[in-house]
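# Sequence and predicted model, in that order:
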Amino acid sequence: MPGNVRSLIFKKVSELAKAPKAMRNVKKLTDHPGYRLRVGDWRIVYLVNQGRLVIVVVKIEPRGGVYK
């Protein structure tokens, strides 16, 4: 993963941790219990524990292979 993409993804995950309900480009997944955050051509698949603010990043991959 290029360094500039890595920096952007780190920034977006940090924003997600601070305000998960305010994030744009987030969708609830239909065949998975989690959510996905779109960052350009990359997808971050994550889970949210509702009892407390815990975000578990499951995968970070380009959009073509992240859902397999």
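Alright, I've got the coordinates. Numbers count the residues shown, from 1 in each chain.
# Going by neighbour count, list what's buried in the worst-scoring helix or strand of the chain on mean pLDDT.
Of all the helices and strands that make up the chain, strand 54-62 has the lowest average by mean pLDDT, DSSP states H and E, namely a mean of 79. For strand 54-62, a neighbour-count test (16 or more other C-beta atoms under 10 Å) marks 55, 60 as buried. Placement of C-beta: from N, CA and C, glycine included.
# and if you look at stretch 11-25?
12, 13, 16.
# Look up how far residue 3 lies from the residue nearest to residue 16 when sequence neighbours are not counted.
When the adjacent residues along the chain are set aside, residue 16 lies closest to residue 23, with 5.4 Å between them (C-beta to C-beta, 6 or more residues apart in numbering). When distance is defined by C-beta to C-beta, to the nearest Å, residue 23 is 23 Å away from residue 3.
# burial count for the residue lying closest to residue 56 once chain neighbours are set aside?
The spatially closest residue to residue 56, leaving aside those adjacent along the chain, is residue 47, at 4.6 Å (C-beta to C-beta, 6+ apart). In terms of burial, residue 47 registers 14 neighbours under the definition other C-beta atoms under 10 Å.
# Residues contacting the stretch of helix or strand residue 47 belongs to, please?
Using DSSP states H and E, residue 47 falls within strand 42-49. Strand 42-49 is contacted from outside by 1, 5, 9, 12-13, 16, 20, 29, 32-37, 54-63, 66-67, using C-beta atoms under 8 Å, 6 or more residues apart in numbering.
# Which of the helices or strands spans residue 15?
Residue 15 belongs to helix 3-18, assigned by DSSP H and E.
# Who are the packing partners of that helix?
Contacts defined by 3 or more C-beta pairs under 8 Å, 6 or more residues apart in numbering; DSSP states H and E place helix 3-18 against strand 35-39, strand 42-49, strand 54-62.
# Return the distance of it from the chain's centre.
Average the C-alpha atoms of helix 3-18, do the same for its chain, and the two points are 9 Å apart (C-alpha atoms, centre = their mean, to the nearest Å).
# got the angle between it and strand 42-49?
Relative orientation of helix 3-18 with respect to strand 42-49: 20 degrees, computed using axes from the mean of the first three to the mean of the last three C-alpha atoms, to 10 degrees.
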